[in-house]
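Participant: got a predicted model here, sequence first, then my questions.
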Amino acid sequence: MNPNVSSSSTNNRRKTISVSGPAKYDQTRKRIERMEEERNERRRETEQKKAARKVEQAKLLAAGNPGDVDFIGMVQEWRDEQAKMHNNHKQPHYGPGSTDNHGNIIVAVRKRPMSNKEIQKKDHDSISCFHPKIWVHSAKYKVDGITKYLTHSGFQFDHAFGEDSTTDEIYMATTMPLLDHVVSTQGRATCFCYGMTGSGKTYTMSAIQQILAHDLYEELREQGIQVEVTLAFFELYGGFVQDLLHDRKRCKLLEDGKGEVNITGLQEVPARSAEDFLRIVSAGHSQRTTHTTEANDSSSRSHAICQVFLRDPSNGDLKGKLTLVDLAGSERGSDTKSHNSLRRAESAEINTSLLSLKECIRALGQKNAHVPYRGSKLTLILKDCFSPDSKTTMIATVSPGASATDHSLNTLRYADRIKEQRISSSSNKRSTRGPASRTCTSSGPSRQRISRILSALEWNPNSSENQFDIQKATRVEEDADEKYIAESVSTLSGEISDLDDDEGTDRPIKETKPTEREESEALRAARELFDVEEELRDEHFACLQDMAEMLQEEFKMIQDMEAMAQASDDAMDNYAIKLAEYLDRKELLIRSVQAKFDIVKHHREMNQSFTRDMEAFVQT
Ligand code: ADP
Ligand code: MG
């Protein structure tokens, strides 16, 4: 081996070159020059990219969008590709060319626009809607910690509404079919808004109520139906019913011997016109928002239920009922690990009610199936909404910000479970996913009705008292919500275990054979059983921890009382109040474990029946 060659220093390399002769030198020099050129080219490219990035960043800033320029660019590229693939064609939500046959359950998703606060925090829009599909673009870094990339999780629903969609479009696709069902068949129907706090549930529900007010009376008039319209509007908070139309009066939930559920003390208020309707609903909303400021964000921890009754004017018999439910924020799953036991009990209650609700809607989709409505107070109150001939709409609302992608994915998975069950249970002939190509055979809402609904949005009565201000209905909640979201997002990071825990991979939209379908349903049922069993264990554990804490506090409370020679009236009153609180909290905790236990039992039965079917199938 030549000792000169082995040296790595530049001088030695030169020496090596010189001893190797002019031809070799020339060749090597050229190679070095080429390498230098290449390196310079790379530098130029990097500089150009940096300059372009700066220009892009400046452009985004000027447009009021200071988020991560690379991720924003990647999302935009993805959208451009999609738009090209679909030839910029937008599928309509109703009328010719739209999908139909949503059956008795409609599942829709609505993405709200980016808020100023999100923009100021340099968050970026991470959700794309191409009706009926919606995609969540999760921003990721490779292991080097520098290279950025996106993962795309796709879902398909009956309707996917983007930030440009108006509430009248949403109303026509999701709530109008419910109203038609209620008015023309005297049936029951329910519309839910589900999603994390701040995702637009109250905004959407308020706007729906506004349009509904006009559409309802017009429909009744056009169809010549004589009924009395009455409204009840209440909040279900921590397991208690509070009447929003009567100073938040607490009402009792009672079930009679026949299994009928009654809320005693809840008063219906007659609404004789659209204006009446709006005034009443607006009063209910203001009860919620006022209370929010006083009690720090209680509205996002409560379910707001607005019931619209159509009654026979002569004897008060029910001639139809439409229920509108603005559900509590869905992000509370993480709170079961929080140290505040009251918060934990509230979270457990919300979590349980949302899980039970999902189970009930799915059971409704399966038809004939047992509806586990006893799983929570919410589902108990809504018992009649799960009768086989009732109709249901679930509107899942999502925040577009990248910082909320985990929550958005959880929301979409929740909604997807409802839809998945519904479609797979309906018929073997159909695809497991609703194909986008099914075309509408019905003509959709009449032109007249559409223009009537559109004009409802512009309705602006002179009286400020009557004015239904959607921004107002939602604005007061914002600051408290922000605080709560920040809290729950930080608790949530890294534990996306919330309500469901599917992998966030793209969902294939394909036909499956019946046997494959059965197999995958069995697998899904098994996976769900594992999920709910785990949830039961967590819930039980959290409940025991809470109980232990409470026991200690209660012992101390009694000891303090005994230490006093003679308990004063005040001390006794205090003791009684505290004891009532402890008992309420314990009742809540036990009920939440009981509800989880019932859900597990229900899943076990389903699993056993799947296993039996599969065994029978294998034997044949
Ligand atoms: P939630 O009830 O889910 O907690 P809100 O309905 O209070 O959320 O909405 C949070 C904020 O976002 C409010 O300021 C509301 O006005 C705004 N917002 C929600 N949805 C929309 C929308 N589709 N268009 C414009 N603003 C919206
Ligand atoms: Mg709200």
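Facilitator: Yes, it's here. Ligands and ions are numbered 1, 2, ... in the order given.
Participant: for stretch 109-123, output the C-alpha coordinates as PDB.
Facilitator: Provided in PDB are the C-alpha atoms of stretch 109-123 (Å, rounded to 0.1, in the frame of the first residue of the first chain):
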ATOM      1  CA  VAL A 109     -69.700  16.100   9.800                       C
ATOM      2  CA  ARG A 110     -69.100  19.800   9.800                       C
ATOM      3  CA  LYS A 111     -65.700  21.500   9.800                       C
ATOM      4  CA  ARG A 112     -65.800  25.000  11.100                       C
ATOM      5  CA  PRO A 113     -63.500  27.800   9.700                       C
ATOM      6  CA  MET A 114     -60.200  28.600  11.400                       C
ATOM      7  CA  SER A 115     -60.800  31.000  14.200                       C
ATOM      8  CA  ASN A 116     -58.700  34.200  14.700                       C
ATOM      9  CA  LYS A 117     -57.300  32.800  17.900                       C
ATOM     10  CA  GLU A 118     -56.100  29.700  16.200                       C
ATOM     11  CA  ILE A 119     -54.500  31.700  13.500                       C
ATOM     12  CA  GLN A 120     -52.800  34.000  16.000                       C
ATOM     13  CA  LYS A 121     -51.400  30.900  17.700                       C
ATOM     14  CA  LYS A 122     -49.900  30.000  14.300                       C
ATOM     15  CA  ASP A 123     -52.100  26.900  14.100                       C
END
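Participant: can you list contacts of that stretch?
Facilitator: Residues outside stretch 109-123 that contact it (CB atoms under 8 Å, 6 or more residues apart in numbering): 64-68, 125, 127, 129, 134, 155, 157, 159-163, 165, 170, 198-200, 203-204, 395-403, 411-412, 415, 482. C-beta: built from backbone N, CA, C; applies to glycine.
Participant: just confirm I395 contacts T204, I think it does.
Facilitator: Yes - with contact defined as CB atoms under 8 Å, I395 counts as touching T204 (6.0 Å).
Participant: now stretch 279-293: mean pLDDT?
Facilitator: Stretch 279-293 shows an average pLDDT of 82 in the prediction.
Participant: scratch that, stretch 374-381
Facilitator: pLDDT averaged over stretch 374-381 gives 89.
Participant: how about stretch 185-198?
Facilitator: For stretch 185-198, the mean confidence score works out to 95.
Participant: narrow the contacts of stretch 109-123 to just the buried residues.
Facilitator: 65-68, 125, 127, 129, 134, 155, 157, 159-162, 165, 170, 198-200, 203-204, 395-403, 411-412, 415 (16 or more other CB atoms under 10 Å).
Participant: name the next helix or strand following the host helix or strand of R43 along the chain.
Facilitator: Assigned by DSSP states H and E, R43 falls within helix 22-62. Once helix 22-62 ends, the next helix or strand along the chain (criterion: DSSP H and E) is helix 69-85.
Participant: buried ones in that following helix?
Facilitator: So for helix 69-85, counting by 16+ other CB under 10 Å, buried means 69-72, 74-75, 79.
Participant: quick one on the thing from earlier: out of the buried ones among the contacts of stretch 109-123, which are inside strands?
Facilitator: Residues of the buried ones among the contacts of stretch 109-123 located in strands (DSSP state E): 127, 129, 134, 155, 159-161, 395-398.
Participant: near ligand 1, from those?
Facilitator: Among those, proximity to ligand 1 is found for T397 (CB under 6 Å from any ligand atom).
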